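Trainee: Could you work out the structure for the sequence below:
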Amino acid sequence: MSAVGSPVFAVGQYVCTYNSVAVGLFEGDDKCPTLVPTNKAFSVDNTDAFGKKTIERFNMGTDWQFKGTFIEWAAKVKTIMFPFSASPGTPGLEGIIGKAYTDLAQVLVMTALAGTPAAVSGPLTVTANLAILAPNNNPALIFGPALRKAPLTLDLLPYTSSGVVNFTVT
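Mentor: So this is what the prediction gives:
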């Protein structure tokens, strides 16, 4: 017997790839792969009649980020952590200063695991063509007996494909 109103639940693992390579497991709960929007607006907040009160805002776009805590320590995760290296994935080896993020960004794909409610209720896939480590996201390298976790934030930069998009969903 189902609950009143037949609720639809979207739970289930998403498998993530970066530059066509599976990136492995994520920590659970709020550290799972997450897409986070940041809305941008121009505010009308300095007028003779209303002083510094905000009386209107105009949409100026939305920035999107991918957040998640990677728990596998392998070349595939290090490539995401150190995209600016002269040899991507190698910490401590400085790459070209001034190189555009869009030249370094890679494709990030999240795919719902077959047989889960997420695969039924969707989205089945999320594809971001320009994903790269966000500024001021400084992954720490832990050397010790604790599990080496990598809480990372990637910017999903916009591109043009039938309009301006940060990612597509199917």
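
Trainee: ok, A114 - contacts?
Mentor: If you count contacts by C-beta atoms under 8 Å, 6 or more residues apart in numbering, A114 has none. C-beta here means a position set from N, CA and C on the backbone, and glycine is covered the same way.

Trainee: what pLDDT does it get?
Mentor: In this prediction, A114 carries a pLDDT score of 94.

Trainee: For it, give me phi and psi.
Mentor: phi -60, psi 140 (degrees, to the nearest 10).

Trainee: so where do the helices sit in the chain?
Mentor: 75-81, 101-104, 117-121 (DSSP state H).

Trainee: out of those helices, which comes closest to V164?
Mentor: Set against V164 and scored by C-beta to C-beta, the helices of the chain come closest in helix 101-104, at 13.5 Å.

Trainee: most packed of the helices of the chain?
Mentor: helix 75-81 (a mean of 19; mean count of other C-beta atoms under 10 Å).

Trainee: Output stretch 145-153 as PDB - backbone C-alpha positions only.
Mentor: Taking Å, rounded to 0.1, in the frame of the first residue of the first chain, the C-alpha atoms of stretch 145-153 are listed here in PDB:
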ATOM      1  CA  PRO A 145      46.200   7.300   9.300                       C
ATOM      2  CA  ALA A 146      42.800   9.100   8.500                       C
ATOM      3  CA  LEU A 147      41.000   8.400   5.300                       C
ATOM      4  CA  ARG A 148      42.100  11.000   2.700                       C
ATOM      5  CA  LYS A 149      39.000  12.800   1.700                       C
ATOM      6  CA  ALA A 150      38.800  15.500  -0.900                       C
ATOM      7  CA  PRO A 151      35.800  17.900  -0.500                       C
ATOM      8  CA  LEU A 152      35.800  19.700  -3.900                       C
ATOM      9  CA  THR A 153      33.800  22.400  -5.500                       C
END
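
Trainee: for it, the distance to its chain's centre please.
Mentor: Its chain's C-alpha centre and that of stretch 145-153 lie 17 Å apart, by C-alpha atoms, centre = their mean, to the nearest Å.

Trainee: quick one: buried residues of that stretch?
Mentor: For stretch 145-153, burial by neighbour count (16 or more other C-beta atoms under 10 Å) applies to K149, A150, L152, T153.
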